[in-house]
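> dropping a prediction and its sequence here:
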Amino acid sequence: MTRRSVRRSVRVLGVASGSAALVLGLAGSALACNIKDFSAEAKCDGEKGVIVVTDTDPSATEGTVSVFLKGVGGVESKVGEQPVKGSKEGVQLTFPEDWKPSATYRVHVKAGNVDQDIQPDLVTPSTACKTESETPKPPASTTPSPTPTKSAPAESATPTPSASESSSAPAGTSDNAPSPAAGESNLAETGADSNTGLIAGVAGALVVVGGGAVWFGMRRRGTRNNG
């Protein structure tokens, strides 16, 4: 075996080894965990909001996913943290979060050689998840309701005094005077009242006096005629 053949063999082995290393390196890079294997999305689970992080890392590298809510002035509040082990088909992590419309969340991934945030930051939809109070109500009926009829006013239970009864009361009677009885009201209509006896007595006396005067006058006239 000559030196030339040995050199040629070494050269071939070197090229083969380099090619193998390059292939293995590329294969390792393809299987290594990458931030691009992660994605985040804000969704609705019924009436509640959730944030779903998907890991499609084919190397199944174990790691941790953390979610932070970005507030005003750069202040952050931690929503939650969960372990993850991805797969080529994709593994999903669900973070319960009653997110508000147009809110911003930072999702951080730490797995293998990855220690980065998912870019760009997660921005929630402009419409929140619907609740029962936001469920549209059926339109009100357009059928007009019947107008209640007005009932005639009930007649007064107290009888109204007739004209004859009101006229039977003597004029000028004081309000405090007792009301005359039914029999006395009839006497008032015929002219009889409490002075009837007195008037009758005076009238009788005048009749007697008049009769006596007539008798006395006729007697004197008869005496004169006889003389």
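Here it is on my side, so go on. Predicted model only: the values in this text are computed from it and were never measured.
> so where's this protein uncertain?
Applying pLDDT under 70 to the chain flags the ranges 1-31, 131-195, 223-227.
> got the CA positions of stretch 68-76 in CSV?
Extracted as CSV, the C-alpha positions of stretch 68-76 are listed here (Å, rounded to 0.1, in the frame of the first residue of the first chain):
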residue,chain,number,x,y,z
PHE,A,68,-48.3,37.7,32.8
LEU,A,69,-50.9,40.4,32.4
LYS,A,70,-49.4,43.7,31.3
GLY,A,71,-51.0,46.6,33.2
VAL,A,72,-50.8,50.4,33.0
GLY,A,73,-47.2,51.8,33.3
GLY,A,74,-45.6,48.4,32.6
VAL,A,75,-46.8,46.8,35.8
GLU,A,76,-47.3,43.1,35.4
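> quick one, helices of the chain?
Along the chain, counting by DSSP state H, helices occupy 3-31, 163-167, 182-190, 196-226.
> buried sites along the last one?
Within helix 196-226, no residue is scored as buried using 16 or more other Cβ atoms under 10 Å. The way it works is simple: take the backbone N, C-alpha and C, and place the C-beta from them, glycine included.
> what helices or strands is that helix leaning on?
In terms of contacts (3 or more Cβ pairs under 8 Å, 6 or more residues apart in numbering; DSSP states H and E), helix 196-226 is packed against no helix or strand at all.
> for the remainder of this discussion, apply numbering that starts at 40.
From this message on, residue numbering opens at 40, which makes the last subject helix 235-265.
> hmm, who's touching stretch 112-122?
90, 101-110, 132, 134-136, 144-145 (Cβ atoms under 8 Å, 6 or more residues apart in numbering).
> buried members of those residues into PyMOL, please.
Buried residues among the contacts of stretch 112-122 (16+ other Cβ under 10 Å), as a PyMOL selection:
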select buried, resi 90+102+104+105+106+107+108+109+132+134+136+144+145
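> mind listing which of the contacts of stretch 112-122 are in strands?
If you go by DSSP state E, these have 90, 101-109, 132, 134-135, 144-145 in strands.
> where's Val253 relative to Arg260, distance?
Noted for Val253: a distance of 11 Å to Arg260, by Cβ to Cβ, to the nearest Å.
> ignore the last one, Asp94
Distance from Asp94 to Arg260, by Cβ to Cβ: 163 Å.
> how about Asp76?
Counting by Cβ to Cβ - Asp76 and Arg260 are separated by 167 Å.
> looking at it, Asn152 is touching Ala71, isn't it?
Yes. Asn152 is in contact with Ala71 according to Cβ atoms under 8 Å; the separation is 6.8 Å.
> of the two, who's got more company?
Ala71 (15 against 11; other Cβ atoms under 10 Å).
> nearest residue to that one in space, please, no chain neighbours.
Leaving aside its sequence neighbours, Ala71 sits nearest to Ser98 (Cβ to Cβ, 6 or more residues apart in numbering; 6.0 Å).
> how many neighbours does that neighbour have?
Ser98: 18 surrounding residues under other Cβ under 10 Å.
> report the contact partners of it.
Per Cβ under 8 Å, 6+ apart, neighbours of Ser98: Leu70, Ala71, Cys72, Gly125, Gly151.
> fine by me, thanks again.
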